[in-house]
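# Build me a model:
(one chain, ligands or ions: 2)
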Amino acid sequence: MFHIQNKIQIADNNNDISADSIKRSLFDLGPLTFQITPSGERGHCLVLSGYYIDPVDSVNVWIFKNSYGKDYGEDGFMYRKLESSQYHYIFAAEGPVITQDANNYNVECLDIDGDGYYNWGIGPKPDTCPECPDLPDCNDNDPYVGPYDSCFNCSCNYSFQGVL
Ligand SMILES: [Ca+2]
Ligand SMILES: [Ca+2]
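Ligands and ions are numbered 1, 2, ... in the order given. The predicted structure follows:
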């Protein structure tokens, strides 16, 4: 059980948010709650935890974690292409996030490829990061790939001169 301080509304039921705005919210605020409403059915809220772009048709594939446990979908996750009319009731948690077991869950801030850009997953840069750029490493397994650009694409890291 978790307790959050507050919630930030990203979208309501008017479908007036763009996919890029949702992506920006993911990067800036972390995982989002998201209501999917299959046609003719009641809505169901899931956690939007990421996205990728299908290389075949260049359509966004949204990555959701469902509350049904690991037996659901692919290890508890499902992958959906959605029309903008299916963007409903999107919220972000506003910290701090407090757990009932009082454990302190710090977000790890890692630079595995040693290029100077760190990765902490989605959400704001945690205070636990060492001194490093504010933009996360787009690919922390490749030192020649640097941070995300303003269009959420990976940028080249021309400055990397380390040893592989
Ligand atoms: Ca890195
Ligand atoms: Ca990198």
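
# which bits of the chain sit near ligand 2?
113, 115, 137, 139, 145 (CB under 5 Å from the ion). Any C-beta I mention is one placed from the backbone N, CA and C, and that applies to glycine too.

# can I get those residues in TSV with secondary structure and pLDDT?
Rendered in TSV, the data for these read as follows (DSSP: H, G, I helix; E, B strand; the rest coil; pLDDT from 0 to 100):
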residue	secondary structure	pLDDT
113	coil	95
115	coil	94
137	strand	93
139	coil	93
145	strand	95
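
# The residue nearest to residue 53 when sequence neighbours are not counted: how many residues sit nearby?
Nearest non-adjacent residue to residue 53, counting by CB to CB, 6 or more residues apart in numbering: residue 60, 6.0 Å away. The local packing of residue 60 (other CB atoms under 10 Å) involves 15 other residues.

# can you pull the contacts of residue 60?
With contact taken as CB atoms under 8 Å, 6 or more residues apart in numbering, residue 60 is in contact with 19, 23, 51-54, 81-82.

# Mind checking which of these land in strands?
Residues from these lying in strands, with DSSP state E as the criterion: 51-53.

# By neighbours, which of the residues you listed wins?
With neighbours set by other CB under 10 Å, the maximum within those is found at residue 51, which has 18 neighbours.

# Show me the beta-bridge partners of that residue.
When bridges are called by DSSP bridges, residue 51 pairs up with residue 62.
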